[in-house]
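Novice: 3D model of this:
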Amino acid sequence: MAFTGAAGVRLYWEEHGAGEPLLMIPGFGCSVEIYASNAPALAERFRVIVFDPRGAGRSDSPPDGYTMERYARDCSAVLDAAGCDTAHVFGTSFGGMIAMNFALHAPERVRGLVLACTTPGGTAHVLPPAENLATFMAASLVEDPVESTRMRYPLHYSDAYAAEHDAEIIALSPATAR
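Specialist: Presented below is the predicted three-dimensional model:
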């Protein structure tokens, strides 16, 4: 567990395993815990480097500076702190958007790029249904992290899966993992 700075913002990061570096970028509002199920297996082959993007987890939440270019520079800061010139880069959802921008801003640092459930954004971007956005926003206003997480279940899980795996989901939720 470590912290590094990027333009006055403190970023939390950690690493697991050895081998070729693999930078993993979580989705919007998520922290390193989102990869808790994946990192151990990947760490058997890679040096897995995960971080909490600005505004999430243990990283600072500045009042401004939330641009894709800034997020891309944060990736460079984390790799610098880890002593890596290059890495394979994996981004999930919003983290995939960050990964794409990192590859555009610093292609010399990207060995390979894996994008999961993401979009390039822009004018061709298809927004989620309004009811999904409303659910996400309503959940973000709830102070109790467990209740907030459960409010988001319909966006991610079937009713049956959520009921069967409630404790596991709560334990791995970025909102409750602090």
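Novice: okay, now the nearest residue to G57 once chain neighbours are set aside: neighbour count?
Specialist: What sits nearest to G57 in space, not counting adjacent residues and going by Cβ to Cβ, 6 or more residues apart in numbering, is S31, at 2.7 Å. C-beta coordinates here come from the backbone N, C-alpha and C atoms, glycine included. Neighbourhood size, S31 [other Cβ atoms under 10 Å]: 22.
Novice: for S31, give me phi and psi.
Specialist: S31 has phi and psi values of phi -120, psi -180 when expressed as degrees, to the nearest 10.
Novice: cool, and L79?
Specialist: Note on L79: backbone dihedrals following degrees, to the nearest 10 are phi -60, psi -40.
Novice: gap between the residue nearest to it when sequence neighbours are not counted and G121?
Specialist: In this structure, L79 finds its nearest non-sequential neighbour in A87, 5.8 Å apart by Cβ to Cβ, 6+ apart. A87 sits 23 Å away from G121, going by Cβ to Cβ, to the nearest Å.
Novice: and the two? Which one has more around it.
Specialist: Per other Cβ under 10 Å, whichever of A87 and G121 has more neighbours is A87, with 24 against 13.
Novice: what's the pLDDT at T176?
Specialist: Looking at T176, its pLDDT reads 64.
Novice: pull the contacting residues for the residue nearest in space to the middle of the chain.
Specialist: For the chain, the residue nearest the mean C-alpha position is P26 (1.2 Å; Cα atoms, centre = their mean). Residues in contact with P26 (Cβ atoms under 8 Å, 6 or more residues apart in numbering) are V32, I34, Y35, V50, D52, P53, A56, T92, G95, P174.
Novice: out of the residues you listed, list just those in strands.
Specialist: The members of these that map onto strands under DSSP state E are V50, T92.
Novice: wait, which of the contacts of P26 is closest to Y71?
Specialist: P53 (6.3 Å; Cβ to Cβ).
Novice: and the strands in the protein?
Specialist: Going by DSSP E, the chain shows strands at 2-6, 9-16, 20-25, 46-51, 87-92, 110-116.
Novice: quick one, domains of this structure?
Specialist: Using automatic domain parsing, the domains assigned to the chain come out as 2-116, 130-172.
Novice: how near is the residue located most distally from the centre of the chain to Y153?
Specialist: Distance from the centre of the chain peaks at A160, with 25.9 Å (Cα atoms, centre = their mean). Distance of A160 to Y153, given as Cβ to Cβ: 11 Å.
Novice: show me the contacts for the spatially closest residue to G112 that is not a sequence neighbour.
Specialist: Using Cβ to Cβ, 6+ apart and skipping residues adjacent in sequence, the residue nearest G112 is H88, 4.4 Å away. Neighbouring residues of H88 by Cβ under 8 Å, 6+ apart: E20, P21, L22, L23, F46, V110, R111, G112, L113, V114.
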